[in-house]
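Participant: Test case, fold it:
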Amino acid sequence: MHASSFHDEDDNDDAPKTLDIHDVTRKGQLKPLAKLLKHAKQYNIEVDALDERGRTPLMLACRHGHGKCVEYLMQAGASPDIKDNDGYAAIHFCVLASVDRLVGISRAASGIRALGKYRAFLDRKTVDGFTAGRVAKTRTLPRAIATKLTRIRVVAHQQCTSPSRFAPPTSSRS
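Facilitator: Residues are numbered from 1 along each chain as shown. Next up, the predicted model:
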């Protein structure tokens, strides 16, 4: 059985605390996330642990515009392909973050760039068959959002060194 947290007794505070991978990614706390990922095997912490809504820490980092957390999680082997209970993958959460006034387009773009850097498929579809661009159009009223998403994808594409980062994953046949 995998866990999503561990009891941190090495903390400098007077009282030890429990670190939860979902909480630290939601809040964008890089040092606690690094500590969790460092001790993941020792404490049996699953980098793709699901919360009550079926969301992974990567999805939460994307949804809240924490690009560095996205990078840490991708480097630790988090899967951008997992879908939550509503059928959204990490890329869809970046798009949702881009239309959130508290997150904004710039922070959402950092998540998309991090996903692209680690070869995530950016045209992943929801269970309803919607790409990230379509999610932006159906979840928001302003037409400017679709334009912003296109700009994000162009910037992310320009920062990628390999065009294969935008290709769907290939399945290997045995």
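Participant: Can you show me the helices along the chain?
Facilitator: Counting by DSSP state H, residue ranges of the helices within the chain are 21-27, 30-38, 57-63, 67-75, 90-98, 104-117, 132-139, 144-159.
Participant: Of these, which stretch is the most buried?
Facilitator: Most buried of those, by mean neighbour count (mean count of other Cβ atoms under 10 Å): helix 57-63, with a mean of 30. Yep, even glycine has a C-beta here, placed from its N, CA and C like the rest.
Participant: Distance of the nearest residue to Asp51 once chain neighbours are set aside relative to Met59?
Facilitator: Distances taken as Cβ to Cβ, 6 or more residues apart in numbering put His22 closest to Asp51, at 5.0 Å, once the chain neighbours are dropped. Going from His22 to Met59 by Cβ to Cβ, to the nearest Å gives 10 Å.
Participant: same question, Phe121
Facilitator: Taken as Cβ to Cβ, the span from Phe121 to Met59 is 15 Å.
Participant: Also Ser110?
Facilitator: Counting by Cβ to Cβ - Ser110 and Met59 are separated by 15 Å.
Participant: Please give me every residue in contact with Ser110.
Facilitator: Gly65, His66, Gly67, Lys68, Val70 (Cβ atoms under 8 Å, 6 or more residues apart in numbering).
Participant: wait, Phe93 sits on Pro57?
Facilitator: No: in this structure, Phe93 is not within contact of Pro57 by Cβ atoms under 8 Å, at 11.3 Å.
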